[in-house]
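Undergrad: sequence-free structure coming up:
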């Protein structure tokens, strides 16, 4: 009897919409994403007005939204999209690295925060990560949040320190540094599914829903100690 090799099941395309007013940045972002075989940029808009129309039309899985748009802040669009769709992942792409905009974006519904000065070819993996349930955040942003909200060691919340196991704390520190689930698994020599389980436990214990929120809560409670 001849054995047949199962035909690989094609992975569905991740459909991305981009709200970006800088034509050069839009071209670079689109080019980097379209180079990935599992990602397709299906729509783009240059401002909040056309961005709202883009959101209303739907048909995308991930929304990449700039904050500094010519007719207003992208945070309003993030909030609008988050309220309209529960199955769409929203990520910020911006030049702004200040703490207030990061926190405001997270509160509005963003699940990731990327800076434009990063390599655009890393954006594809960030999009995959957010679709897997992660919250990609630029390492520089994670470090800034940790430094801004890191309490003095003697004032650390002991209850917070007791929330997480040693392994969960290791995973959380690597999340804060911007590593993906696969990279964390390689570093700790555990499987990606095990990493995902640890992350789920971390989110439950800290009562958060994203990487950025976890970093913020953990640093506020003194769970993560980062050098100033």
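TA: Looks like it arrived, so ask away. All of these numbers come straight from a predicted model, not from anything done at the bench.
Undergrad: the helices in this protein, which residues?
TA: For the chain, the helices defined by DSSP state H cover 23-34, 48-57, 75-84, 99-108, 123-131, 139-149, 158-163, 166-176, 181-188, 192-206, 211-221.
Undergrad: and of these, who's closest to residue 115?
TA: The closest of the helices of the chain to residue 115 is helix 139-149. By Cβ to Cβ, the value is 6.6 Å. Every residue, glycine included, has its C-beta placed from N, CA and C.
Undergrad: Now the closest one: average pLDDT?
TA: What helix 139-149 shows for mean pLDDT is 69.
Undergrad: Repeat that for stretch 108-122.
TA: Mean pLDDT, computed over stretch 108-122, is 84.
Undergrad: which of the residues in it are buried?
TA: 108-116, 120 (16 or more other Cβ atoms under 10 Å).
Undergrad: Just the ones in strands from those, please.
TA: Of the buried residues of stretch 108-122, the ones assigned to strands by DSSP state E are 112-115.
Undergrad: Using a markdown table, please lay out these together with distance to residue 98.
TA: Below are those laid out as a markdown table (distance: Cβ to Cβ, whole Å):
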| residue | distance to residue 98 |
| --- | --- |
| 112 | 17 |
| 113 | 11 |
| 114 | 15 |
| 115 | 11 |
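Undergrad: ok, of those, which one's closest to residue 103?
TA: Closest to residue 103, out of all of those and judged by Cβ to Cβ, is residue 113, at 9.9 Å.
Undergrad: ok, what's across the strand from the closest one?
TA: Beta bridges link residue 113 to residue 92, residue 137, judged by DSSP bridges.
Undergrad: Okay, buried residues for stretch 43-53 please.
TA: Those would be 43-48, 50-52, for stretch 43-53 by 16+ other Cβ under 10 Å.
Undergrad: no, scratch that, I was asking about stretch 120-129
TA: Using 16+ other Cβ under 10 Å as the test for burial, stretch 120-129 gives 120, 123-124, 126-129.
Undergrad: and if you look at stretch 18-27?
TA: With burial defined by 16+ other Cβ under 10 Å, the residues of stretch 18-27 counted as buried are 18-22, 25-26.
Undergrad: what does stretch 167-178 give?
TA: Neighbour count says stretch 167-178 has 168-178 buried, by 16+ other Cβ under 10 Å.
Undergrad: on that earlier part again, next, give me the two most distant ones among the buried residues of stretch 43-53.
TA: Greatest spatial distance among the buried residues of stretch 43-53 (Cβ to Cβ): 43 and 48, at 14.7 Å.
Undergrad: How is this structure partitioned into domains?
TA: Using automatic domain parsing, the domains assigned to the chain come out as 14-136, 144-221.
Undergrad: Which one of those has the poorest average confidence?
TA: Mean pLDDT is lowest for domain 144-221 out of the domains of the chain, coming in at a mean of 77.
Undergrad: next one: that one to chain centre, how far?
TA: Distance, stretch centre to chain centre, for domain 144-221: 15 Å (Cα atoms, centre = their mean, to the nearest Å).
Undergrad: from here on, count from 3
TA: Right, with 3 as the first residue, what we last looked at is domain 146-223.
Undergrad: coming back round to it: format the helices of the chain as CSV; extra columns: distance to residue 71.
TA: Compiled in CSV, the helices of the chain are given as follows (distance: least, Cβ to Cβ, whole Å):
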stretch, distance to residue 71
helix 25-36, 12
helix 50-59, 5
helix 77-86, 8
helix 101-110, 13
helix 125-133, 19
helix 141-151, 20
helix 160-165, 37
helix 168-178, 29
helix 183-190, 32
helix 194-208, 31
helix 213-223, 21
